[in-house]
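Novice: Need coordinates for the below:
(2 chains)
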Amino acid sequence: EAGVVQSPRYKIIEKKQPVAFWCNPISGHNTLYWYLQNLGQGPELLIRYENEEAVDDSQLPKDRFSAERLKGVDSTLKIQPAELGDSAVYLCASSLGTSVLNEQFFGPGTRLTVL
Amino acid sequence: DAKTTQPNSMESNEEEPVHLPCNHSTISGTDYIHWYRQLPSQGPEYVIHGLTSNVNNRMASLAIAEDRKSSTLILHRATLRDAAVYYCILRDDTDKLIFGTGTRLQVFP
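Specialist: Residues are numbered from 1 along each chain as shown, chains lettered A, B, ... in the order given. Down below sits the predicted model:
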């Protein structure tokens, strides 16, 4: 069974440019997460979806970040415009549900470099 | 959110057991103890979780102190593939995974 798929794996852009990341979760997983991981730090949650609904976006910087999960499957995270400080790894994860016992499955991440 | 404290780094030789400690003195009665690990250039992966009793699975064992204020992840025979950052995480009913900086495990041949 395929795991969580993310693309692109790497992205280099200049500051003020827009960028988008795509995630395809494991089939049947209703819950989808986007995390941000800075160098040397653990991942930090940006947003959590239950099907199409964003149920926790309190940590998403809404002035420049946006996300969507149309049809409750794939998801896209966008940054517009990107800033130097946005350079990081963006991780997508999915799980069967929100129970504390449900394991989260992570994709390999997209490494963003903003020049 | 209850926090965990882990050593920044540990070292082991291949085929030796590794004991990765985690302190969580402010744990609440409903917090589960989860461990994830992150191999180089990959996303984190689940290792094991427990509430009160010790747990074993194919990857590792989890030993939980009787007062639940600390726990230890045990890799019975470390391999080079076990070199990773190991995160000890307390999960309550909000489902959130709150990662700290973890323990970087180095395994030497």
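Novice: For chain B, which residues are neighbours of chain A?
Specialist: Within chain B, the positions adjacent to chain A are B:32, B:36, B:41-46, B:49, B:85, B:87, B:91-93, B:95-102 by CB under 8 Å from any CB of the partner chain. Any C-beta I mention is one placed from the backbone N, CA and C, and that applies to glycine too.
Novice: how about a cut-off of 7 Å?
Specialist: For chain B, the residues in contact with chain A (CB under 7 Å from any CB of the partner chain) are B:32, B:42-46, B:87, B:91-93, B:95-97, B:99-102.
Novice: Got a quick ChimeraX command for the buried subset of these?
Specialist: Buried members of the residues of chain B next to chain A, defined by 16 or more other CB atoms under 10 Å in any protein chain shown, are picked up in ChimeraX with:
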select /B:32,43,44,45,46,87,91,95,96,97,99,100,102
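Novice: which ones among the residues of chain B next to chain A are found in strands?
Specialist: Judged by DSSP state E, strands contain the following of the residues of chain B next to chain A: B:Y32, B:E45, B:Y46, B:Y87, B:R91.
Novice: Report the two of the residues you listed separated the most.
Specialist: In these, two members sit farther apart than any others by CB to CB. They are B:Y32 and B:E45, at 17.1 Å.
Novice: what's around A:F65, how many residues?
Specialist: By other CB atoms under 10 Å in any protein chain shown, 19 other residues sit near A:F65.
Novice: possible to save the ones in strands among the residues of chain B next to chain A as TSV with distance to A:E50 and pLDDT?
Specialist: Output for those, formatted as TSV (distance: CB to CB, whole Å; pLDDT from 0 to 100):
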residue	distance to A:E50	pLDDT
B:Y32	20	93
B:E45	23	97
B:Y46	20	96
B:Y87	24	97
B:R91	17	87
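Novice: nearest to A:I47, of the residues you listed?
Specialist: Nearest to A:I47 out of these is B:R91 (CB to CB; 18.1 Å).
Novice: how about the lowest-mean-pLDDT helix or strand in chain A against chain B, any contact?
Specialist: Lowest mean confidence among the helices and strands of chain A (mean pLDDT, DSSP states H and E): strand A:53-56, at a mean of 92. No. When contact is scored as CB under 7 Å from any CB, no part of strand A:53-56 falls within range of chain B; the minimum is 7.9 Å.
Novice: For that strand, C-alpha coordinates in CSV please.
Specialist: Presented in CSV, the C-alpha positions along strand A:53-56 are these (Å, rounded to 0.1, in the frame of the first residue of the first chain):
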residue,chain,number,x,y,z
GLU,A,53,-13.2,20.7,7.0
ALA,A,54,-10.3,22.5,8.6
VAL,A,55,-10.9,21.8,12.3
ASP,A,56,-7.7,23.3,13.7
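Novice: right, and the helix or strand after that strand?
Specialist: Using DSSP states H and E, the next helix or strand after strand A:53-56 towards the C-terminus is strand A:65-68.
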